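A.B. asks: Fold the following for me, if possible:
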Amino acid sequence: MVEVFSGRTLLNKEGDLVDPEEALRNKVVGLYFSAGWCPPCRDFTPLLCDFYTELVEETEPPAQFEIVFISSDKSTEDMVEYYHDMHGDWLALSWTDPYKHELKKRYNITAVPKLVIVKENGQVITDKGRKQIRDQGLACFRSWVEVAEIFQNFKA
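C.D. replies: The predicted structure is shown next:
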């Protein structure tokens, strides 16, 4: 994941710049392509918030998981409002960063919402994160980690 965002900066909800190399190292990452104008996005985002909170904030030790929001909103203001009002304490790619278009192309994003689960180097674990969270709840994280470990062992 560090490789995917190499040379970029991400934002946290306070608007602070975050180094992706530090924030995403050794984590399974959910790339959340979403927009505030999209009713299915507004429906799924609270569920994703609960999933993230249980996994990262209420588990000891916290799960090695992070989300990066990639906005399809119509303006910076729309993105910031949606991010602050509905999203969890995860990270975001700045709305002004043109890299979002490259990410949408790389991960074949044709509609939102889409939650693509990737390992640290950006390799796709599943492009069905939204469906898996709806169907399996927290259990899907364990399968994502297992797939990431299989990829890692295969590479070694």
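
A.B. asks: for this structure, what are the low-confidence residue spans?
C.D. replies: Under the criterion pLDDT under 70, the flagged ranges of the chain are 1-2, 151-156.

A.B. asks: Could I get the full set of strands for this structure?
C.D. replies: For the chain, applying DSSP state E gives strands covering 10-11, 17-18, 28-34, 65-71, 91-93, 114-118, 124-126.

A.B. asks: Name the stretch among those strands that sits most buried.
C.D. replies: strand 28-34 (a mean of 25; mean count of other C-beta atoms under 10 Å). Backbone N, C-alpha and C define where each C-beta goes, glycine included.

A.B. asks: what are the pairing partners of that one, and which direction each?
C.D. replies: Its sheet considered, strand 28-34 pairs with strand 65-71 (parallel), strand 114-118 (antiparallel) by DSSP bridges.

A.B. asks: so which of those strands gets nearest residue 91?
C.D. replies: Minimum separation from residue 91 across the strands paired with strand 28-34 (C-beta to C-beta) falls at strand 65-71, 5.0 Å.

A.B. asks: which residues sit against the closest one?
C.D. replies: 1, 5, 10, 20, 23-24, 27-35, 48, 52, 55-56, 79, 82-83, 87-88, 90-93, 95, 100, 103-104, 141 (C-beta atoms under 8 Å, 6 or more residues apart in numbering).

A.B. asks: same thing but at 7 Å, please
C.D. replies: 10, 23-24, 27-35, 52, 55-56, 79, 83, 87-88, 90-93, 95, 100, 103, 141 (C-beta atoms under 7 Å, 6 or more residues apart in numbering).

A.B. asks: just how off-centre is that strand within its chain?
C.D. replies: Centroid displacement of strand 65-71 relative to its chain, using C-alpha atoms, centre = their mean, to the nearest Å, is 3 Å.

A.B. asks: do the same with stretch 4-13
C.D. replies: With C-alpha atoms, centre = their mean, you get 12 Å for stretch 4-13.

A.B. asks: Could you shift the numbering so residue one becomes 195, and keep it that way?
C.D. replies: Taking 195 as the first residue, the last one we looked at is stretch 198-207.

A.B. asks: Quote the end-to-end distance of that stretch.
C.D. replies: End-to-end distance for stretch 198-207: 21 Å, by C-alpha to C-alpha, to the nearest Å.

A.B. asks: Kindly report the same for stretch 262-278.
C.D. replies: The first and final residues of stretch 262-278 sit 14 Å from each other (C-alpha to C-alpha).
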